[in-house]
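[1] Give me coordinates for this.
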Amino acid sequence: MDTERCKKMAHADLRSHEKADRIILIGLMLLAVGLTFVICPFSPLYRYCFEPDEISYFVVSRGFLSRKIPYRDLFDHKGPLTYVVYALGLLLSGGSNWGIWLVFTGINIGIFTLLYRNLRLFFAPDRSFSAIAVLLCFFFVKRAILYSSGSKPEHIILLLLLLSEYVYSRRVKQYADQAEEDPALFTGTDMYLLGLCAGGVFMTKMNICIYYLCFVGAYYLWLLSRKAWRAFLRSFRIFLSGIVTVSAPFFLYFLLHGALREFWESYFVFNTYYAANGSVTLHFYRTWISKHNQILITVSFAMMCAAAIIALIAGKRRRQQCIFYTLGAIVYFFITLPIIFSYTFCVLIPLYLPAFGILAELVLRSLPYRTLPVAAAAMLVVVSSIFSYTQIKASPTHFHEAKALESSMMDYYREHPDAQTLFFYTLCQPFFYDRSSADPDFRYFYRPRNATEEMRSAQYDYVQQGLADVVVFHRSKGIGDEYMEDVKLFMLESGYALYYEDYPQSRTYVFTRDIKNEQDHPSTPNETAVPA
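    Next comes the predicted model:
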């Protein structure tokens, strides 16, 4: 009789959990759709994309669809999978921005779903949801968000990492529940899927492949400690074949198009140079990460460490856990020590996730049933609503009239639909490329941070040859009047005229090869005309 009662209670609990899962997953999906609509710069909510990095990916992807070869014809230094994802969005919308927004809406739905699925492997629905709600509040607490635009390469990577974490954690849980440990912990399908995800990360941002020290490296160390040589070799071969399946077509594509050297130099060599020129500093002290984000990063890191200590104390397999957490610490600091920005931390969510689950479990033990999930849901609604309001209100493209600089340039692009634009620095107003329909016929259409001397020289050569129709110059704070006069003289000698000056508002100077009358294109009050 007691056995029958226990079965009924277990069945009732299972049905209750399944119902909670459906409600929570639907809520998280809707939240992903809403937040992506607000934060993605390609959303129909905005007149133009206002993120400079995303504009670079947009231009390269648009050129890719026009049969221009990334890296060789149009330079950027992100992995080629980024441009494939962006190109897919452009294909879906016939070249319009909203297609990219649609693709990343799907990616973010996948991210939010996997956040919950991963936690549900080890925690009940109320614990899992509470942990996710608190974690998301950390990443969406202010407009200068850790999650950023929701449409960066890091979000493609985050989806792949969460999928890898799910495959890894599901199998570990399955075998942990068994009495005997099988050396062949992961099936061939598991290892191949992990390899595919690793290959996707490798072709998006190669340094983050170090994550697989946790997902695969800990397992390999375990196999070697048990002298399971055959299982190790078979698993390694299958995992490597998954990486090759994703990466080989890219190498073959660039080889067949005579661009393998440019691919190697842009993606591998330049990124190594880029990282080496960044300051190796603990992320808590990065000057270009805002103070409130530094606080959130530090608190998240402290919570992760505390949860690791709690798990080690309570865990049965301490040796395996020590290996896993040690590798996790290596991954964390390897990713955060080179040059990084706030949005980089979204790729660390797979490391944060178990920590928030463990801490939610501890807190819920001391609270009445459902108190924390309800409080967490209310906090998530309030934080996401405030965030959405401030994001929309502060956005430079929503419901605001076009500023004088934008209006003037739209006039120019209407008169010159095939105009090609050159950015002298990355911080220039991004609507230039978003509104221009022409793909540049020169490789270095923008100058990245830590640009090499070759890039600088190439851009000056483009100007001297008159290849660019529009040259946009961003005057950083370190550029004085004397240097600026030299720039204007250089542009004049190269056949360009100062078309528009928006200094000091946006610190932007626009030079064109077509000299217009002052009446046709009035300047701002502080404009300095260049003599013809």
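
[2] and Ala176, what does it touch?
    Arg317 (Cβ atoms under 8 Å, 6 or more residues apart in numbering). In this view, the C-beta of every residue, glycine as well, is placed from N, C-alpha and C.

[3] repeat for Phe75
    Taking Cβ under 8 Å, 6+ apart, we find Phe75 in contact with Ser266, Arg443, Tyr444, Phe445, Met455.

[4] For stretch 96-110, the averaged confidence score.
    For stretch 96-110, mean pLDDT is 95.

[5] still on that earlier bit, pull the most distant pair out of the contacts of Phe75.
    Across the contacts of Phe75, the longest distance by Cβ to Cβ is 13.1 Å; it joins Ser266 and Phe445.

[6] Which one's more surrounded, those two?
    Phe445 (24 against 20; other Cβ atoms under 10 Å).

[7] What pLDDT is listed against the more buried one?
    Reported pLDDT for Phe445: 93.

[8] Let the chain start at 29 from now.
    Okay, residue one is now 29; in that scheme the one you just asked about reads as Phe473.

[9] what sits against it?
    Neighbouring residues of Phe473 by Cβ under 8 Å, 6+ apart: Val87, Leu102, Phe103, Thr449, Leu450, Phe451.

[10] now the host helix or strand of Ala330: how far from the chain's centre is it?
    Assigned by DSSP states H and E, Ala330 belongs to helix 319-342. Centroid separation between helix 319-342 and its chain, computed with Cα atoms, centre = their mean, to the nearest Å, is 22 Å.

[11] Same question for stretch 236-256.
    Centroid displacement of stretch 236-256 relative to its chain, using Cα atoms, centre = their mean, is 26 Å.

[12] Check stretch 243-263 too.
    Relative to the chain's own centre, stretch 243-263 is displaced by 32 Å; criterion: Cα atoms, centre = their mean.

[13] What is the linear distance spanned by that stretch between its boundary residues?
    End-to-end distance of stretch 243-263 (Cα to Cα, to the nearest Å): 13 Å.

[14] what does it contact?
    With contacts defined as Cβ under 8 Å, 6+ apart, stretch 243-263 is touched by 192-193, 196, 211-214, 216, 219, 222, 226, 264, 267, 348, 351-352, 355.

[15] Swap in 7 Å and give it another go.
    Residues outside stretch 243-263 that contact it (Cβ atoms under 7 Å, 6 or more residues apart in numbering): 192-193, 196, 211-214, 219, 222, 264, 267, 348, 351-352, 355.

[16] Now which of those would you call buried?
    Buried members of the contacts of stretch 243-263, scored by 16 or more other Cβ atoms under 10 Å, are Ser192, Glu193, Tyr196, Leu213, Phe214, Met219, Leu222, Phe267, Gln348, Ile351, Phe352, Leu355.

[17] Kindly present those residues as a markdown table, with separate columns for pLDDT, distance to Phe150 and secondary structure.
    Formatted as a markdown table, the buried ones among the contacts of stretch 243-263 follow (pLDDT from 0 to 100; distance: Cβ to Cβ, whole Å; DSSP: H, G, I helix; E, B strand; the rest coil):
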| residue | pLDDT | distance to Phe150 | secondary structure |
| --- | --- | --- | --- |
| Ser192 | 97 | 16 | helix |
| Glu193 | 95 | 12 | helix |
| Tyr196 | 93 | 12 | helix |
| Leu213 | 82 | 17 | coil |
| Phe214 | 90 | 18 | coil |
| Met219 | 96 | 22 | helix |
| Leu222 | 97 | 19 | helix |
| Phe267 | 97 | 24 | helix |
| Gln348 | 76 | 15 | helix |
| Ile351 | 82 | 19 | helix |
| Phe352 | 84 | 14 | helix |
| Leu355 | 90 | 19 | helix |
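
[18] and which of those residues is nearest to Phe65?
    Taking Cβ to Cβ as the measure, Phe65 sits nearest to Glu193 out of the buried ones among the contacts of stretch 243-263, at 26.5 Å.

[19] just to revisit the earlier point, which two from the contacts of stretch 243-263 end up farthest apart in space?
    Checking the contacts of stretch 243-263 with Cβ to Cβ, the most distant pair is Glu193 and Pro211, at 22.0 Å.

[20] Among the contacts of Phe473, which one has the most neighbours?
    Ranking the contacts of Phe473 using other Cβ under 10 Å puts Phe451 first, with 28 neighbours.

[21] Could you list the domains of this structure?
    Here the domain parsing of the chain from automatic domain parsing is 48-422, 432-540.

[22] Which among those domains is found nearest to Leu42?
    domain 48-422 (10.4 Å).

[23] what's the neighbour count on the closest residue to Leu189 other than its chain neighbours?
    Once flanking residues are discounted, Leu189 sits nearest to Pro378: 4.8 Å by Cβ to Cβ, 6 or more residues apart in numbering. If you count neighbours by other Cβ under 10 Å, Pro378 ends up with 24.

[24] would you say Pro378 is within a strand?
    No - assessed with DSSP: H, G, I helix; E, B strand; the rest coil, Pro378 is helix; it does not lie in a strand.

[25] hmm, who's touching stretch 156-172?
    Here stretch 156-172 makes contact (Cβ under 7 Å, 6+ apart) with 52, 143-144, 147-148, 173-175, 318, 320-321, 324, 328, 370, 374, 380, 384-385, 388, 392, 400-401, 404-405, 407-408, 411-412, 415, 418-419, 422.

[26] Which of the residues you listed fall within helices?
    Per DSSP state H, helices hold the following members of the contacts of stretch 156-172: 52, 143-144, 147-148, 320-321, 324, 328, 380, 384-385, 388, 392, 400-401, 404-405, 407-408, 411-412, 415, 418-419, 422.

[27] Spatially central residue in this protein, please.
    Centroid-nearest residue in the chain: Glu182, 2.4 Å away (criterion: Cα atoms, centre = their mean).

[28] helix, strand or coil for it?
    Of the three states, Glu182 takes helix under three-state DSSP.

[29] That one and Ala336: what is the separation?
    Per Cβ to Cβ, to the nearest Å, Glu182 is found 23 Å from Ala336.

[30] all strands for the stretch 29-178 of the chain, in order.
    In the stretch 29-178 of the chain, no strands are defined using DSSP state E, counting those that start in this stretch.

[31] residues contacting Ser522?
    Listed by Cβ under 7 Å, 6+ apart, the contact set of Ser522 reads Val491, Gln492, Gly494.

[32] buried subset of these?
    Applying 16+ other Cβ under 10 Å to these, the neighbour count classes Val491 as buried.

[33] Output the contacts of Ser522 in CSV; the columns should cover distance to Ala287, pLDDT and secondary structure.
    As requested, the contacts of Ser522 are arranged in CSV below (distance: Cβ to Cβ, whole Å; pLDDT from 0 to 100; DSSP: H, G, I helix; E, B strand; the rest coil):
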residue, distance to Ala287, pLDDT, secondary structure
Val491, 25, 95, helix
Gln492, 25, 94, helix
Gly494, 26, 93, coil
